[in-house]
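In: make a model of this:
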Amino acid sequence: MPAAAQDMELRIGPDGVRPVIRDRDRYGDRERGCSPGEARAAARDEGLRRPEVVRVTSRSVTVEGMTRSGPDRITFANRRGCPII
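Out: Residues are numbered from 1 along each chain as shown. Below you'll find the model as predicted:
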C-alpha cells in the first residue's frame, strides 16, 4: 500500500509531549491562498509604502498604500504566490 503524505509535529504541554499528525490534503486549501502578510510583502516589492490589507475575499486580496504619486491600490489573486490581477 502506498504511503500517504502526512505532516507530523510534536507539541509540548501540561500533559507532556505528544505527536500531532496532520493530513496535508485536509489543510491544503488554507495553505494555497495568499495570506495578508504575503500580500503586504508583495505590495512592498511592487513599491507600495505602508501597505495595509483592506479587503480579503475568496478570490482576491486588496492592499492600499502610498506611492510617490499618492495613494494607490493593488489587487492580488487569492492564490499561492499572490499574482497581481
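In: when you work out contacts or count neighbours from here on, use the C-alpha atoms and nothing else.
Out: Fine.
In: residues in contact with the residue most central in space within the chain?
Out: With distances taken as C-alpha atoms, centre = their mean, S35 lies nearest the centre of the chain, 2.2 Å away. Residues in contact with S35 (C-alpha atoms under 8 Å, 6 or more residues apart in numbering) are N78.
In: again, 6 Å this time
Out: By C-alpha atoms under 6 Å, 6 or more residues apart in numbering, S35 lies in contact with nothing.
In: same deal with L10?
Out: L10 is in contact with 18-19, counting by C-alpha under 6 Å, 6+ apart.
In: so it sits in a helix?
Out: No. Looking at L10 with DSSP: H, G, I helix; E, B strand; the rest coil, it is strand, so not inside a helix.
In: which element is E64 on?
Out: strand 60-67 (DSSP states H and E).
In: any regions of this protein where pLDDT drops low?
Out: Scanning the chain for pLDDT under 70 picks out the ranges 1-8, 21-31.
In: where do the helices of it begin and end?
Out: For the chain, the helices defined by DSSP state H occupy 24-32, 36-45.
In: may I see the buried residues of stretch 40-48?
Out: Going by neighbour count (16 or more other C-alpha atoms under 10 Å), the buried part of stretch 40-48 is 40, 42-43, 48.
In: any chance of a markdown table for those, columns distance to G16?
Out: Putting these into a markdown table (distance: C-alpha to C-alpha, whole Å) gives the following:
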| residue | distance to G16 |
| --- | --- |
| R40 | 38 |
| A42 | 40 |
| A43 | 42 |
| L48 | 46 |
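In: so which of the residues you listed comes closest to R80?
Out: A42 (11.9 Å; C-alpha to C-alpha).
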